[in-house]
Structure formats: C-alpha cells, structure tokens
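Asks: Only the shape, not the letters, is given here:
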C-alpha cells in the first residue's frame, strides 16, 4: 500500500508540474501580446493581393495526442476583397 501511495504522489506531482508549465506559458503569451499591442496598436488591415494565413487557436489547449500534430496555421490564402 505504501508503493501505491508513492505512485499516486509521484503522478500528482507530475500533473501539478504540467499544470504549472501551462499556466506559465499562458502568462508569458499574455505579456507578449500586451507588449506587442502597445508597440503596434490598432486593427491590422490586409489589402487585396496580400498573402495571409489563418491560425487555429482552438488547438492551443488540446491534450489529445492526435490533435497535437495538426498544423495550427493554414496554407497561405490570397486576400480577394476587404
């Protein structure tokens, strides 16, 4: 029973560590985004003919292994109209 308790404790420590890593990454991204918006505030306006990529933010917080290999960025698309 001591072994099972130790295994459960180690697993809980691993999950706590992972949770801390995720929270730190979220805080770091928020700080980066804030700094970026201060440097270049406002709306980004694309002109017809420019190439853009679409970011799938729904994949940011996925924990399923098969979804981790899906590209987060789309193939380049050319802007047609505003």
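Replies: That came through fine. Bear in mind that the values here come from a model prediction, so they are computed numbers and not experimental data. Numbers count the residues shown, from 1 in each chain.
Asks: lowest average confidence, helix or strand, in this structure?
Replies: When the helices and strands of the chain are scored by mean pLDDT, DSSP states H and E, helix 65-68 comes last with a mean of 74.
Asks: Nearest to the spatial middle of the chain, which residue is it?
Replies: residue 60 (3.4 Å; Cα atoms, centre = their mean).
Asks: Can you pull the phi/psi pair for it?
Replies: The phi/psi pair for residue 60 (degrees, to the nearest 10) reads phi -60, psi -40.
Asks: And the residue nearest to it when sequence neighbours are not counted, how close does it get to residue 58?
Replies: In this structure, residue 60 finds its nearest non-sequential neighbour in residue 72, 7.6 Å apart by Cβ to Cβ, 6 or more residues apart in numbering. Placement of C-beta: from N, CA and C, glycine included. Going from residue 72 to residue 58 by Cβ to Cβ, to the nearest Å gives 9 Å.
Asks: And for residue 10?
Replies: Taking Cβ to Cβ, one finds residue 10 at 32 Å from residue 58.
Asks: Residue 3 too?
Replies: In this view, residue 3 and residue 58 are 40 Å apart by Cβ to Cβ.
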